[in-house]
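>>> take this sequence and fold it.
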Amino acid sequence: MKCRLPVLILLFLSATQYSFSRTVDVYPVFPMPLHRALENTKAGDIVRVHKGWYCEGTIVVDKAIQLIADGDVTVDGADSCEVIVVTSNNVTIRGFTICHTGDSYIYERSGIRLKFVEGCVIDANTILCCSYGIYSAKSKHNTISNNFIQSNANSESASGNGIHCWYCDDYLIRNNVVDQHRDGIYLEFTTNTRVMNNESKGNIRYGLHFMFSHHNEYQQNRFHHNGSGVAVMYTHDILMKDNVFEDNLGDASYALLLKEISHATICNNVFKGNSSGIYAESGGSMHIYRNNFISNGWAMRLMASSVDNLIDSNNFSSNSFDVATNDYTAYSTFHGNYWDRYTGYDLDKNGVGDVPFRPVRLFSTIVEQNSPAMLLLHSFFVSLLDLAESIFPTVTPATMQDDAPSMKPLRTFS
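Numbering: from 1, shown residues only. Just a heads-up that it's a prediction; the model follows:
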């Protein structure tokens, strides 16, 4: 019994520290500034910050507290520093306007930084004119939700990312709006994470960018009017479902760039009005199905180095080019897709075309090798090329064909 007594005392003290928690009120005219009020709190306290403007340099949260804005509360970095840095587990920050970190070519200044923490919630904040919106490093089991994050990025070198996670695990990133950063959401060495219901727009480089980030899910997000929509690199085991990729335009712009990707499931997405819908290079073993490719320049650009992919039950409508590749030999399978360019017949009326469809146009092969030829896209000469190639296919990949094209558009989630 004597040996157990110190343990029981420690357990009692740990359990009671939260039961005696207080609500600490902070006002802009209060004689004790915000950072001093935080120094006088203990784990479990609720710090209620009342309406006003607070400019006190970097605010450090080093205890497990709830930091809640009561009304219109602005915490300003005055273009000289990070605004809030969290170094304790189990911290909640909710309802603030956080602004003006200023730019730095040496430090990655952020509106909110999470350092080596877990169990934190960053919710319903407005983060404006910060180089990095929310920056997480070597942290896990955190939630970033319902935030509006907007900057004024003009160049890649002088700007940061809206939500940035580096060496993180088990994050939930949902219901955020990210606008005008370098990358909207950036994940590097970040695993077991769900990115859901976010809107990422107007970013210089990518709406979403992740590398070496395995076993993640990306669902019901919208990526539009970015330099490129989403870039996925050096990653395996991902799910991308129910997303919208729209109006990501530019000479080197893609709705979804896949480089060195394996074991990916890409389904029920909409690719509309992009320069390229999907660009895949290297890697493979992907299942791409039930997506809508509508009015893109290229619906899919599937390089020969991307192998063993299954592309089935997708709709391809009003694209300049449905599929392009850079080699005569292809190692992916197309099956049961709807192609609006298909002119075959269905004698047995089973809804499946009786002759195969080759989605790679001869002219797209020419453009891959000589891009200025694009000027001839709508010329009579190109129409003759397409007709000749459909009758006597000689250049387009013999292995890249759909043996069971659908006669009607397939029903997808949209």
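>>> make sure Gln150 is actually in contact with Asn176.
No - Gln150 is not in contact with Asn176 according to CB atoms under 8 Å; the separation is 10.9 Å. (Each C-beta comes from the backbone N, C-alpha and C, glycine too.)
>>> so these two - more neighbours on which side?
The neighbour comparison of Gln150 against Asn176 (other CB atoms under 10 Å) goes to Asn176, with 28 against 20.
>>> and the gap between that one and Ile311?
31 Å (CB to CB, to the nearest Å).
>>> below-threshold pLDDT in the protein: ranges please.
The chain contains residues with pLDDT under 70 at 1-20, 31, 251, 328-330, 361-399, 412-414.
>>> quick one: the helices in it?
Along the chain, the segments classed as helices by DSSP state H run 4-19, 34-39, 362-369, 380-391.
>>> can I get the CA coordinates of the shortest one in PDB?
Output in PDB follows, covering the C-alpha atoms of helix 34-39 (Å, rounded to 0.1, in the frame of the first residue of the first chain):
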ATOM      1  CA  LEU A  34      -2.500  38.800 -23.800                       C
ATOM      2  CA  HIS A  35       0.900  37.100 -23.600                       C
ATOM      3  CA  ARG A  36       1.200  37.900 -19.900                       C
ATOM      4  CA  ALA A  37      -2.300  36.500 -19.300                       C
ATOM      5  CA  LEU A  38      -1.200  33.300 -21.000                       C
ATOM      6  CA  GLU A  39       1.800  33.000 -18.700                       C
END
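>>> any idea how far it is from the chain center?
Counting by CA atoms, centre = their mean, to the nearest Å, helix 34-39 is centred 35 Å from the centre of its parent chain.
>>> packing partners of it?
Contacts defined by 3 or more CB pairs under 8 Å, 6 or more residues apart in numbering; DSSP states H and E place helix 34-39 against strand 23-26, strand 46-54, strand 59-61.
>>> list the strands paired with the first one, with their directions.
Right, the one you point to is strand 23-26. strand 46-54 (parallel) (DSSP bridges).
>>> what separates Leu410 from Ala404, distance-wise?
For Leu410, the distance to Ala404 - CB to CB - is 12 Å.
>>> what touches both of those two?
Taking CB atoms under 8 Å, 6 or more residues apart in numbering as the contact rule, Leu410 and Ala404 both touch Gly336.
>>> residues contacting the nearest residue to Asn337 once chain neighbours are set aside?
What sits nearest to Asn337 in space, not counting adjacent residues and going by CB to CB, 6 or more residues apart in numbering, is Asn314, at 4.8 Å. Contacts were defined as CB under 8 Å, 6+ apart; by that measure Asn314 touches Ile288, Tyr289, Arg290, Asn291, Asn292, Phe293, Asn337, Tyr338, Leu410.
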